[in-house]
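Predicted coordinates and the sequence they were generated for:
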Amino acid sequence: LSQWDSLQQLVTNPLVPMRPDNSERNEFMDIEGEYSILLGKAMLGLHQRNGNLVTSALSEARESVMSSLSVAARENYSRAYPFVLKLHCLREIEDASRSLTAPRVDHNTLLKPQESFSELTNFWNWNDRLDGTGTDITASIPIINIRLTLSRLAFELELEASLWLTLGKKARKGGLYNIASNSLAHAQSIYERLQNKTKHNSSEDFQSFISEVRLQSAKIKYSTGESTLALQMIEEDDTQMFLNKNETDLQIHVKKLKDDGTLKQFARNILQSIEWMVEGGLKSGSEVMARYRLIQKLLPDWERAHFRFAKYIDSIMESRIN
């Protein structure tokens, strides 16, 4: 995105002209190439804050996609779905363009502060839209890539870091571990840079984010056979100390974790480590029970922990009966 001059030359290259109205598609370019060029032109328009360029590029791109969609839809849904995703991406660019091409204003002179780009994403239901793609990582990647581009154009580093984390999670669940590792590294790097440069982000936000990145990275290690390293990454040094504390001292430390905003993440790490320890046969019986009961004390209303504890007890009872 920093090579705007190169992008300008590409989208205005006379060797790859856009097809005129009501004519056949350019012989030098297939649907993917035409879509990519028009997408680049729209991004260039956002960078230049040129609303007319963005609108014309999106209109041409939508027309190009719709013509291919009408053909693919006659065959089956699987053939049509990639074109639906392209329309989805164009819609999100269109939503963002209203904010990114608006004239810059002096916020100090406004009686009512304008909404930030990250706040607008809640209005656009970005999370629900992404959930609608299901667990298919190949469907999620194009959408997240578009959002990463938009967040950079809006200079929303925190949003960009969050998107990299989301991509890392989805890639891990889809078995694309290289993409997941790279995405998580990007997320951590951006958030650490943001934390060092500004005081806007609280220590609570930072610790929660970094802990989530570490947990996702540990899950990748575990999935690729590095179970010992995975456990070392999330097994907190404080876990054993918490197990040995009396009720009064435990509540004091629980309050400290709540104040730091790290209680839920600390409990998640313990729960995940328990599951891996049981699967690997590293701990069993009373040691596992004690850790489950510790989580119940930390988060008494956490349904997931109660469910996993019940499953563990059920597995023990079943093994004894058999």
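Looks like it came in fine.

For stretch 137-153, buried residues please.
In terms of neighbour count (16 or more other CB atoms under 10 Å), stretch 137-153 has its buried residues at 137, 139-141, 143-144, 146-153. C-betas here are computed from N, CA, C, even on glycine.

Same list as before, these that is, but in JSON lines and with distance to Ala171 and pLDDT included.
What follows is the buried residues of stretch 137-153, written out as JSON lines (distance: CB to CB, whole Å; pLDDT from 0 to 100):
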{"residue": "Ile137", "distance to Ala171": "6", "pLDDT": "83"}
{"residue": "Ala139", "distance to Ala171": "12", "pLDDT": "84"}
{"residue": "Ser140", "distance to Ala171": "8", "pLDDT": "87"}
{"residue": "Ile141", "distance to Ala171": "8", "pLDDT": "89"}
{"residue": "Ile143", "distance to Ala171": "13", "pLDDT": "92"}
{"residue": "Ile144", "distance to Ala171": "9", "pLDDT": "92"}
{"residue": "Ile146", "distance to Ala171": "16", "pLDDT": "93"}
{"residue": "Arg147", "distance to Ala171": "15", "pLDDT": "92"}
{"residue": "Leu148", "distance to Ala171": "13", "pLDDT": "93"}
{"residue": "Thr149", "distance to Ala171": "18", "pLDDT": "91"}
{"residue": "Leu150", "distance to Ala171": "20", "pLDDT": "92"}
{"residue": "Ser151", "distance to Ala171": "18", "pLDDT": "91"}
{"residue": "Arg152", "distance to Ala171": "19", "pLDDT": "90"}
{"residue": "Leu153", "distance to Ala171": "23", "pLDDT": "90"}
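
So which of these is the closest to Asp131?
Compare each of the buried residues of stretch 137-153 with Asp131 using CB to CB and the shortest gap goes to Ser140, at 9.7 Å.

any idea whether the closest one is helix, strand or coil?
Using DSSP: H, G, I helix; E, B strand; the rest coil, the structure places Ser140 in helix.

picking up where we left off before, so which of the buried residues of stretch 137-153 comes closest to Ser286?
Distance ranking of the buried residues of stretch 137-153 against Ser286, using CB to CB, places Ile137 first at 40.1 Å.

wait, that closest one sits on Tyr177?
No: contact criterion CB atoms under 8 Å: Ile137 and Tyr177 do not qualify, at 11.4 Å.

which residues do these two both contact?
Ala171 (CB atoms under 8 Å, 6 or more residues apart in numbering).

which parts of the helix or strand bottoming out on mean pLDDT in the chain are buried?
Each helix and strand of the chain was given a mean pLDDT (mean pLDDT, DSSP states H and E); the minimum falls on helix 238-243 at a mean of 74. Residues 239, 242 are the ones in helix 238-243 that count as buried (16+ other CB under 10 Å).

Which residues does it contact?
Taking CB under 8 Å, 6+ apart as the rule, helix 238-243 contacts 250, 253, 266, 270, 273, 290-291, 294.

same deal with stretch 167-185?
The set of residues that contact stretch 167-185 without belonging to it, under CB under 8 Å, 6+ apart, is 135-138, 140-141, 144, 148, 164-165, 187, 213, 216-217, 219-220, 223-224.

Quick one: end-to-end length of that stretch, please.
Terminal residues of stretch 167-185 are spaced 11 Å apart (CA to CA, to the nearest Å).
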